[in-house]
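Participant: Show me how the following folds:
(2 chains)
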Amino acid sequence: MGQRYAGIDIGSRTIELVVVDETDAIIESQERDTGFDPMAEAKGMIEKVSFDRIMATGYGRNLFEISFDAMTVTEIKAHARGARALFPDIQAIIDIGGQDSKAIALFDNGRVKKFEMNDRCAAGTGKFLEIMARTLGFSIEDFGPEALLAENSLNISSMCTVFAESEVTSLIAKGENRREIALGLHASVIRRAAGMINRVSTDGEIAFTGGVANNPCMATLLSEKLGRPIRVPEHPQRIGALGAALLAREAD
Amino acid sequence: MQITPLLNDGYAGEPAKRVLNYVQDHRQAGDPVVGIYCGYAPIELIQAMGIVPAVLCAFSKVPIAAAETVLPANLCPLIKSSYGFIIEGTCPFYAMSQAVIAETTCDGKKKMFELIADIKPTHVMDLPQVPDEAEARSNWKQMIVKLQGFLETHFDRQADEEKIEASLQAANRKNALMRRIFDYAARVPSVLHWKEMYDLSFLAIAATGQEMVPLLEPLPDILEQRVREGFHVGPPKAPRVLVTGCPVGGDATKIFNTIEVAGGVVVAPDACTGMKAFMGEFAENSGDPIGAMAERYLKIPCACMTPNERRLTDLSAMIGHFKPDAVIDFVLQACHAYNVESFKIGRHVEEVHGLPFLKIETDYSDADTEQLRTRIEALFESI
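Facilitator: Model (predicted):
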């Protein structure tokens, strides 16, 4: 059997593990919640798979490097590598995860050209959508599909999770349609994401990664807003781990 | 490797304590002390009058909570810290100062100065902000003359033209020596650590040219020895970083520490607290030393100036000299001038120099250290 390369993405909300073989084909993948002890979770995950080399990314990468003698790479480079592997023509990536979001522009050769991150608060991230879905009484899975059924979009002006929640509460109190509120919330996140993308990259295909890309309303609105082709991978939250696994092979 | 420290005085890594010791010594010898906040304070005039300029505390997060009882929270941390130090009475330099010199640089500072003006005599200099206007030089010269009058009244110290000229000439020698020392960071790899540049810069702002020159003169030999012995700062292939933007000191040095943790080397700290204070020359024997001073001070490329094209030309010269692999623009939260200007800096660095650029917007807290590390590591990955 040939060499196997693992990538582990230790994020704020979930940990993903991907193992590739020498031909870059994915032979294993796992996912679980980060919880309060990310190293214990990570250990539990890597014990179940076999690999020859591992590269860690995500906010927990430096702790993992010390605990497991692994190589590390930033989530920016990992996402760039992973997304390019799936979509060779993309010029940029928008990644919206549980607690941060980032826009990455690529050179033609796939290297990172420029990036922007929003990582100081939950505004415009998965956490924001999760709290808003709960306030409106939707499950996180139904939030996007329900928003897409709205006929109008209500304008939500607050981007701060705390302020937006009170804005939503007052819209509910006014008797506004909750699907329309939901669509307005999605649109407010997209305005911010589009701004980030436009600051780093102005044309070409974009990959949409991170857990929030599972929300169909987000991809639809992003494509409408930017007028650029948006590519969403089958498992958007695994792109960082995939990129790390591919970089582990390339480092060999 | 055992290396010879540049200043072997027991204050290594504690520039504020070294300067405090310097100011205390002078005060005991009977010299008056005046507090300053900014790179536009004409220290050569102050020193010519036999007065010690003490840079006031502005770089700790500790007094910010106290400051926010009066100041808005979304104000720049440097202004909040400065004000907090004063109302809490924790800045020893302020305690030793009999008066404070302030300048109309940014709105936040101007308004903060109003709030401290009743505690100690505070002299505000009206800084022209369109420095290339024909009147700017004569206006700023007038402000320096007025400052001289203020200092004469409050401290009963005088300086004639001859003394001011001598002070300028000594400052030229001091600044040239400082630049010669910084040249050792321009070497590839660098043999001068940013902490050493900081140690020297902090002292060299307070101390006169006459005092600094003998202290600085032996240092190039020590640095030459490092070159001969093959010493270098950081790994030989470490990414070289030029840090531009807002002043850096105290808690804000997290930016330099994080660059090192991410594997980089700071080769050019370009800010009022770094190399900016030692750039340029005063015209000597012009017959108008205060005019020469006005001329040189208006060339400081602070973001409060408009249009601040000089920042781009100076930055290009620094990039050419210090050969960085990346440029980081350090912006303190709510510092609108540097924050807005950052767009032009980024475009200039990327398009003219083809270097990776990263803008970091932060405050004095440690809350974002890991996020900063990720961004800086990603910047290094893109080199």
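Participant: Is the closest residue to B:Ala337 other than its chain neighbours in a helix, a strand, or coil?
Facilitator: Nearest non-adjacent residue to B:Ala337, counting by C-beta to C-beta, 6 or more residues apart in numbering or on different chains: B:Ala303, 3.7 Å away. Bear in mind the C-beta positions are built from the backbone N, C-alpha and C, glycine included. Taking DSSP: H, G, I helix; E, B strand; the rest coil as the rule, one finds B:Ala303 in the coil state.
Participant: quick one, what contacts B:Ala303?
Facilitator: B:Ala303 makes contact with B:Arg311, B:Cys335, B:Ala337, B:Tyr338, B:Val340, B:Glu341 under the criterion C-beta atoms under 8 Å, 6 or more residues apart in numbering or on different chains.
Participant: Keep only those of those that are in strands.
Facilitator: In strands, judged by DSSP state E, none of the contacts of B:Ala303 are found.
Participant: how many other residues sit next to the residue in the stretch 151-252 of chain A that chain B sits nearest to?
Facilitator: Nearest residue of the stretch 151-252 of chain A to chain B: A:Arg199, at 9.2 Å (C-beta to the nearest C-beta). Around A:Arg199 there are 15 other residues, counting by other C-beta atoms under 10 Å in any protein chain shown.
Participant: May I ask which helix or strand encompasses it?
Facilitator: helix A:178-200 (DSSP states H and E).
Participant: what are the C-alpha coordinates of the worst-scoring helix or strand of chain A on mean pLDDT, in CSV please?
Facilitator: Ranking every helix and strand in chain A by mean pLDDT, DSSP states H and E puts helix A:161-173 at the bottom, with a mean of 87. Taking only C-alpha atoms (Å, rounded to 0.1, in the frame of the first residue of the first chain), the coordinates of helix A:161-173 have been written out as CSV:
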residue,chain,number,x,y,z
THR,A,161,-25.1,39.5,16.6
VAL,A,162,-26.5,41.1,19.7
PHE,A,163,-28.0,44.2,18.0
ALA,A,164,-29.4,42.1,15.1
GLU,A,165,-31.1,39.8,17.5
SER,A,166,-33.0,42.7,19.1
GLU,A,167,-33.8,44.1,15.6
VAL,A,168,-35.3,40.7,14.6
THR,A,169,-37.3,40.6,17.9
SER,A,170,-38.8,44.0,17.1
LEU,A,171,-39.6,42.9,13.5
ILE,A,172,-41.4,39.8,14.9
ALA,A,173,-43.3,42.1,17.3
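Participant: Need the contact partners of it.
Facilitator: A:121-123, A:127-128, A:131-132, A:135-136, A:154, A:156-158, A:178, A:181, A:185, A:188.
Participant: Please work out the average pLDDT along stretch B:376-383.
Facilitator: For stretch B:376-383, mean pLDDT is 95.
Participant: repeat for stretch B:25-44
Facilitator: Averaging pLDDT along stretch B:25-44 yields 96.
Participant: so who does the residue of the stretch 151-252 of chain A closest to chain B touch?
Facilitator: Counted by C-beta under 8 Å, 6+ apart, A:Arg199 has contacts A:Ala103, A:Glu116.
Participant: per-residue confidence at it?
Facilitator: For A:Arg199, pLDDT reads 92.
Participant: Outline the domain layout of chain B.
Facilitator: Domain segmentation of chain B under automatic domain parsing yields B:15-156, B:162-381.
Participant: What I need now is the ones you listed written out in TSV, including distance to A:Ser50 for each item.
Facilitator: Below are those laid out as TSV (distance: least, C-beta to C-beta, whole Å):
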stretch	distance to A:Ser50
domain B:15-156	47
domain B:162-381	28
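Participant: Which helix or which strand is home to A:Gln91?
Facilitator: A:Gln91 belongs to strand A:90-96 when assigned by DSSP H and E.
Participant: Write out the residues of the stretch 251-383 of chain B neighbouring chain A.
Facilitator: Within the stretch 251-383 of chain B, the positions near chain A by C-beta under 8 Å from any C-beta of the partner chain are B:350, B:356-357, B:367-368, B:370-371, B:373-375, B:377-378, B:381-382.
Participant: swap the cut-off to 6 Å and go again
Facilitator: Applying C-beta under 6 Å from any C-beta of the partner chain, one finds that the stretch 251-383 of chain B approaches chain A through B:Gln371, B:Thr374, B:Glu377, B:Ala378, B:Glu381, B:Ser382.
Participant: among those, which are in helices?
Facilitator: Counted as lying in helices by DSSP state H, out of these, are B:Gln371, B:Thr374, B:Glu377, B:Ala378, B:Glu381.
Participant: Spit out the contact partners of the last one.
Facilitator: Applying C-beta atoms under 6 Å, 6 or more residues apart in numbering or on different chains, we find B:Glu381 in contact with A:Lys77.
Participant: Also the second one?
Facilitator: The contact partners of B:Thr374, taken as C-beta under 6 Å, 6+ apart, are A:Thr74.
Participant: likewise the third one?
Facilitator: Contacts were defined as C-beta under 6 Å, 6+ apart; by that measure B:Glu377 touches A:Thr74, B:Ala262.
Participant: coming back round to it: now do the phi/psi pair for the residue nearest to B:Ala337.
Facilitator: Here is the backbone geometry of B:Ala303 (degrees, to the nearest 10): phi -70, psi -10.
Participant: Tell me how far it lies from chain A.
Facilitator: The spacing between B:Ala303 and chain A, counted by C-beta to the nearest C-beta, to the nearest Å, is 20 Å.
Participant: Against B:Gln148, how distant is that residue?
Facilitator: 28 Å (C-beta to C-beta, to the nearest Å).
Participant: What distance do you get for the closest residue to B:Gln333 other than its chain neighbours to B:Ala337?
Facilitator: Distances taken as C-beta to C-beta, 6+ apart place B:Asp363 nearest to B:Gln333, at 4.7 Å, with adjacent residues excluded. Distance, B:Asp363 to B:Ala337, by C-beta to C-beta: 16 Å.
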